[in-house]
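[1] Provided below for reference: sequence and predicted model.
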Amino acid sequence: MKTQNGRNAAALRKAEEMNARDTLKVNEKGHLEIGGADCVDLAKKFGTPLYVFDEAYIRRMMGVYRDTLEREYGGNGLVLYASKAFSCEAMYRIADQENIGADVVSGGELYTALKAGFPASKIYMHGNNKLDYELEEAISAGVGCIVADAVTEIDKIERIAAEHGKVQNILLRINPGVEAHTHAYIQTAKTDSKFGFSVADGTAEEAAEYALSQAHVCLRGFHCHIGSQIFEKQSFVLAAEKCMAFAAEMKERHGFVTEELNLGGGFGIWYTDEDRKIPPEGYAEYLEALIGAVVRCADGKGLKRPFLLIEPGRSIVGEAGITLYTVGAVKNIPGVRKYVAVDGGMFDNPRYALYQAKYTPVLAARANETPTEIVSIAGKCCESGDLICTGANLPAAKPGDLLAVLSTGAYNYSMAMNYNRNLIPPCVLVKDGRAEYIVRPQSYEDLTRNDVIPARLSEKGADGGKD
Ligand code: LLP
């Protein structure tokens, strides 16, 4: 055991060094580089704020999951990129080229995937309240599977599939009641959750029976997702075991054979040194642990080994991305704190406002300098809570400095908004030092594109112009 751990630790260290060299490094000018591109050049060429993604890292992460499934489970499964983490046409293209599937959670993500030419058969559709038109779009496009989350939704799928003369494959999202150690808002499989059918109170079984009685719905198995930004392997293993135990009950009581098991995503990433730094190859261990649990349970309970799916989002794209900002106002409140304000904020990264998320900022053109002070990075929105992070260790920042915030690839662009009518920054993808837009900059016209002034407001004065 010790030797094994020792070897793993050495392998992890080695891979970590490789990762550091491949994705982020500080070059001889003392500038931060991502994917071989100098951040100072990127900022000059594309302006700030700017989301930057390293293509090699994304592909490598997709490859690690895909190859582990192949190696450890005979390829009897599929990796789905959880595209809510970062959805744009280029991302679906990359996922397709890497031979993995995708999960979508809205008509908008589905539309984007299909527009990028992503094969519908490799799309799984999620959502706790899919709208009728979203189900219609999914079923008519021929998505591989819909993960049903309510009995009324099973009815809707049955009706729409019948109208299309199809039988729609579904999974049921079950809630195995596993508590994962993470922020409460991103913990989704406890008993009190808007997601899934609870195993404990029997609703999962009832929903399965109901689905089995439908003519245009084919229940293939079950799905669970226990939360996000989780490092404890044991939480995932426990959830897998509970799902397999449920599969065994379903076989025993209803003769139902679970053909597919989707164990969701949720693997944690590095944001600050409070988090584990797992090199891409290290994530294989999570999947190996899941596969181990599924195989043990299937063989132990005499069940078929199910087609296995996982849905990593954050771990594929989170550490692949950084955001570049320009420092503006620097405000020191003696004895209280120092604010370093940037040209972005909660409109490009609402994660501090939502979850008090932590980040590591770096002065990208002075990346070799030793940090000398602790500051809060503030955004430019009219909102006191508009911070990117607090407690950041930085050299003294001056107006005009380039600031990079690391690990912003997941759930930053995808949760961006136009609060205060700020423009959502563009995204560039870097490959071998070359950067290209994958999401172009918004313009002021984009902001007003859908605005309408009703005719009655076009006259001057609130009384319609009367004296
Ligand atoms: N599958 C399902 C059903 C999910 O609900 C999620 C994430 C994933 C997969 C992907 O999980 P990941 O591997 O990315 O952890 N906005 C939050 C995260 C919400 C995650 C929601 N579900 C944040 O910024 O941290």
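    Done, it's in. Here the structure is a predicted model, which means the values were calculated and not measured.

[2] contacting residues around the closest residue in space to residue 198 that isn't next to it in sequence?
    Among residues not flanking residue 198 along the chain, residue 175 sits closest, at 4.8 Å (C-beta to C-beta, 6 or more residues apart in numbering). No exception for glycine: its C-beta is placed from N, CA and C like everyone else's. Residue 175 is in contact with 189-191, 193, 195-199, 204, 224, counting by C-beta atoms under 8 Å, 6 or more residues apart in numbering.

[3] same thing with residue 259?
    Contacts for residue 259 (C-beta under 8 Å, 6+ apart) come out as 220-221, 304, 306-307.

[4] One more: residue 156?
    Contact partners of residue 156, counting by C-beta under 8 Å, 6+ apart, are 130, 132, 135.

[5] Closest one to the ligand out of these, please.
    Of all the contacts of residue 156, the one with the least separation from the ligand (C-beta to the nearest ligand atom) is residue 130, at 12.6 Å.

[6] Skipping its backbone neighbours, what lies nearest the closest one in space?
    That would be residue 153: by C-beta to C-beta, 6+ apart, it lies 6.2 Å from residue 130.

[7] tell me which residues of the one helix or strand the one you found maps to are tucked away?
    Assigning secondary structure by DSSP states H and E places residue 153 in helix 151-163. For helix 151-163, a neighbour-count test (16 or more other C-beta atoms under 10 Å) marks 153-154, 156-161 as buried.

[8] Can I get it in PDB? Just the C-alpha atoms.
    Only the C-alpha atoms of helix 151-163 are listed here, as PDB (Å, rounded to 0.1, in the frame of the first residue of the first chain):
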ATOM      1  CA  VAL A 151     -43.200  12.200 -13.300                       C
ATOM      2  CA  THR A 152     -44.900  14.900 -15.300                       C
ATOM      3  CA  GLU A 153     -41.900  15.000 -17.500                       C
ATOM      4  CA  ILE A 154     -42.200  11.300 -18.200                       C
ATOM      5  CA  ASP A 155     -45.700  12.100 -19.400                       C
ATOM      6  CA  LYS A 156     -44.500  14.800 -21.600                       C
ATOM      7  CA  ILE A 157     -41.700  12.700 -23.100                       C
ATOM      8  CA  GLU A 158     -44.200   9.900 -23.700                       C
ATOM      9  CA  ARG A 159     -46.600  12.300 -25.500                       C
ATOM     10  CA  ILE A 160     -44.000  14.000 -27.600                       C
ATOM     11  CA  ALA A 161     -42.200  10.800 -28.600                       C
ATOM     12  CA  ALA A 162     -45.500   9.300 -29.600                       C
ATOM     13  CA  GLU A 163     -46.200  12.300 -31.800                       C
END
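
[9] And the buried residues of helix 151-163, which is closest to the ligand?
    For these, the nearest to the ligand is residue 153 (14.6 Å; C-beta to the nearest ligand atom).

[10] related to what we said a few turns ago, and the next element down the chain from the helix holding residue 153?
    Helices and strands here follow DSSP H and E; after helix 151-163, the next one along the chain is strand 168-175.
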